[in-house]
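[1] sequence first, then the predicted structure, then my questions.
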Amino acid sequence: MAVERIEVDVDLLAQEIGTLSPEELDALPFGAIQLDAEGTILTYNKAEERLSGRKADLVVGKNFFQEIAPCTRVKRFHGTFETGVQRRELNEVFDFLFRFPSGAREVRIRMIYSGVPKPAVWIFVTPIGS
């Protein structure tokens, strides 16, 4: 199974992701979800809308782990998030079987902590395979 590779300078992205305009976030070739420290969705880009089948206006303001993606309430995903929030440092990459409304799909998750312009965790989602 082929993995789509997107080269990302994570340090630069962590510094600048919060300064991107909504149009720039929507132009990213991968899903981008911004969460506050409690897991509330602050940003949900167009690529993630296409991947998940959910519109941003229906998910922004909701808790990602409880209301939108309860399949992520596992140690590997939610535990990584909580540890990153606590430490204010996070740069993790792992594969995950995501249960979208349209069906299960394997994705690569990259989670980073960003303090710009305010503390947040960004989740980047890239499909694995076709």
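    Thanks, I have it. Numbering: from 1, shown residues only.
[2] each with direction, which strands does the strand ranked longest in the chain pair with?
    Ranked by residue count under DSSP state E, the longest strand found in the chain is strand 103-114. Strand 103-114 pairs in its sheet with strand 91-100 (antiparallel), strand 120-127 (antiparallel), by DSSP bridges.
[3] where along this protein do the helices fall?
    Along the chain, the segments classed as helices by DSSP state H run 10-16, 22-26, 46-52, 56-59, 80-87.
[4] nearest to residue 110, of those?
    helix 10-16 (7.3 Å; CB to CB). The C-beta positions use only the backbone N, C-alpha and C, and glycine is treated the same way.
[5] list the contacts of the longest strand of the chain.
    1, 3, 8, 10, 13-15, 17-18, 51, 77, 80-81, 84-85, 87-98, 119-129 (CB atoms under 8 Å, 6 or more residues apart in numbering).
[6] cool, and stretch 85-97?
    Against stretch 85-97 from outside (CB under 8 Å, 6+ apart): 10, 14, 37, 71-72, 76-77, 80-81, 83-84, 104-113, 115, 119, 121, 128.
[7] what about residue 43, neighbour count?
    18 (other CB atoms under 10 Å).
[8] equivalent analysis for residue 55, please.
    Count around residue 55 with other CB under 10 Å applied: 11.
[9] all set now, cheers.
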